[in-house]
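Visitor: Need coordinates for the below:
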Amino acid sequence: MTAFRIGVAPLDSVARRSHDPRRVNPLIRFIPPPLVRFFARPYVAGDSLEKAIDVAAKMVAEDGFLTTLDLLAEGIDSAAAVRQNVDTYLRMVDVIADDPRFAGEGRRPTVSLKFSSYTTAPLEAGGDASGAEDAVRRIVEHAARRGVEVTLDMESRHWTDYTLACLARLHQAGHRHVGCVIQTRLHRSEADLRRLPAGCRVRLVIGIYHEPEEVALTDKSAMKDRMLLFAGRLLEAGHYVEFATHDERYVARFLDEVAPGVGADRYEVQMLYGVPRVRLQKSLVAQGVRVRLYVPFALSWKMAVAYLRRRLDEYPAMAVLVAKNWLRRR
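Guide: Just a heads-up that it's a prediction; the model follows:
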């Protein structure tokens, strides 16, 4: 395959850590909501499911970009919020399955979800994640009936064993349309590769949660080198690889060093919605590489603003990255 050199500077993923959403830095609290919303808008596909669906339909129609949709629903504190999240995903699956704009082989969006969106007892806060697996299983079973693929997102290290165990149970029940995420920053991830169900769809990421040095790498280049290593092992084992990074150098290395000899139907490249990599993405599609964008949306701008406010609290340098991306769009 031809080497990929597009000339776009790599942009590292924004880091974050899991924490109590109520404990926000007071300085972050003082940022006016309209300003936070201004920063959030390029990275959030609207404040409704309908807007997110429209974004996904436009991308596949105009550029051939595939998508995975994710509802921003963190800091769940009530059973009503859990029910709302479940209902939104059930409706999302139906809309994806019924919308004629996604008709055709492989054009449908997948859906991505986090277990913490379905419980008021999150593991990182010492809870037992009560109700989360049952809620996700309901979504997964409905998605199976409608022919929509689901990805179980990875969260902080507190959720890794829980997520992998649930994945195994879902596959044992015949739900092979369910994939998961492996974070290469965690030292445990090499062993976790062996826990994956046969033929599983796996999104490889460096991970975006701050983790203690004793359990995770701190050097991003080392994390990305692991992505290449793990991608090769996953392909050899018969898994489907979703190689998720904005770093052009590592996308090129994956395609030039790992993917040759493997069918193009065995892998794809994933990136975040709103990050200015359109030139690279279009080049990949033109050369027959599947490109999928991770598209988050909210049910209100209040929810989206709360999401970005937490991201700014966890990683203040994000504001600089957002500003740079905005200037590139001018």
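Visitor: Excluding chain neighbours, what is closest to the most centrally placed residue in the chain?
Guide: Residue closest to the mean C-alpha point of the chain, counted by C-alpha atoms, centre = their mean, is Y294 at 5.4 Å. What sits nearest to Y294 in space, not counting adjacent residues and going by C-beta to C-beta, 6 or more residues apart in numbering, is L272, at 5.1 Å. All C-beta atoms are positioned from the backbone trio N, CA, C, and that covers glycine.
Visitor: Which strand residues bridge the closest residue to A259 other than its chain neighbours?
Guide: Excluding the flanking residues, the one nearest A259 by C-beta to C-beta, 6+ apart is Y267, at 6.0 Å. Under DSSP bridges, the beta-bridge partners of Y267 are V241.
Visitor: List the contacts of Y267.
Guide: Taking C-beta atoms under 8 Å, 6 or more residues apart in numbering, we find Y267 in contact with 231, 235, 240-243, 259, 290.
Visitor: If we use 7 Å, what do you get?
Guide: Residues in contact with Y267 (C-beta atoms under 7 Å, 6 or more residues apart in numbering) are 235, 240-241, 243, 259.
Visitor: Farthest pair within those?
Guide: Y240 and A259 (12.3 Å; C-beta to C-beta).
Visitor: picking that back up, how deep is the residue nearest to Y294 tucked in, by neighbour count?
Guide: 17 (other C-beta atoms under 10 Å).
Visitor: P212 now?
Guide: When neighbours are counted by other C-beta under 10 Å, P212 comes out with 8.
Visitor: Can you tell me how far it is from H187?
Guide: As for P212, its distance to H187 is 10 Å (criterion: C-beta to C-beta, to the nearest Å).
Visitor: for A304, same thing?
Guide: 33 Å.
Visitor: and the two? which has more neighbours close in?
Guide: A304 (23 against 15).
Visitor: just checking, the more buried one touches V44?
Guide: Yes. If you go by C-beta atoms under 7 Å, A304 and V44 touch, sitting 4.6 Å apart.
Visitor: and whichever strand or helix holds E141, what's its mean pLDDT?
Guide: Take DSSP states H and E as the rule and E141 turns out to sit in helix 132-146. Averaged across helix 132-146, pLDDT comes to 98.
Visitor: Need the residues that contact it.
Guide: 82, 86, 89-90, 93-94, 97, 111, 113, 115, 118-119, 150, 166, 170, 175, 177-178.
Visitor: A252 sits in which helix or strand?
Guide: With DSSP H and E as the test, A252 turns up in helix 248-253.
Visitor: cool, A73 as well?
Guide: Applying DSSP H and E, one finds A73 in no helix or strand.
Visitor: In contact with the nearest residue to it once chain neighbours are set aside, which residues are there?
Guide: Leaving out its chain neighbours, the residue that sits closest to A73 by C-beta to C-beta, 6+ apart is S117, at 4.2 Å. Taking C-beta under 7 Å, 6+ apart, we find S117 in contact with 73, 76, 85.
Visitor: residue contacts, V205?
Guide: 181, 183, 244.
Visitor: Test of understanding: give the bridge partners of it.
Guide: Q183.
Visitor: Just the closest of the contacts of Y267 to R277, please.
Guide: Using C-beta to C-beta, the contacts of Y267 come closest to R277 at F243, 13.5 Å.
Visitor: Which secondary structure state does that closest one sit in?
Guide: Secondary structure for F243, judged by DSSP: H, G, I helix; E, B strand; the rest coil, is strand.
Visitor: my guess is it meets F254, correct?
Guide: Yes. At 5.0 Å, F243 and F254 qualify as touching, with contact defined as C-beta under 7 Å.
Visitor: anything in contact with each of these two?
Guide: A231.
Visitor: Tell me where the stretch 101-250 of the chain has strands.
Guide: 110-113, 150-152, 178-183, 201-205, 240-244 (DSSP state E, counting those that start in this stretch).
Visitor: shared neighbours, A304 and V44?
Guide: With C-beta under 7 Å, 6+ apart, A304 and V44 have common neighbours A298.
Visitor: With neighbour numbers in mind, choose between Y240 and A259.
Guide: A259 (21 against 16).
Visitor: quick one, what contacts E268?
Guide: Counting by C-beta under 7 Å, 6+ apart, E268 has contacts 242, 290-292.
Visitor: With K282 instead?
Guide: Here K282 is in contact with D63 (criterion: C-beta under 7 Å, 6+ apart).
Visitor: Same question for L217.
Guide: 185, 223.
Visitor: related to what we said a few turns ago, now the contacts of V205 in a markdown table, with pLDDT?
Guide: Output for the contacts of V205, formatted as a markdown table (pLDDT from 0 to 100):
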| residue | pLDDT |
| --- | --- |
| V181 | 98 |
| Q183 | 97 |
| A244 | 97 |
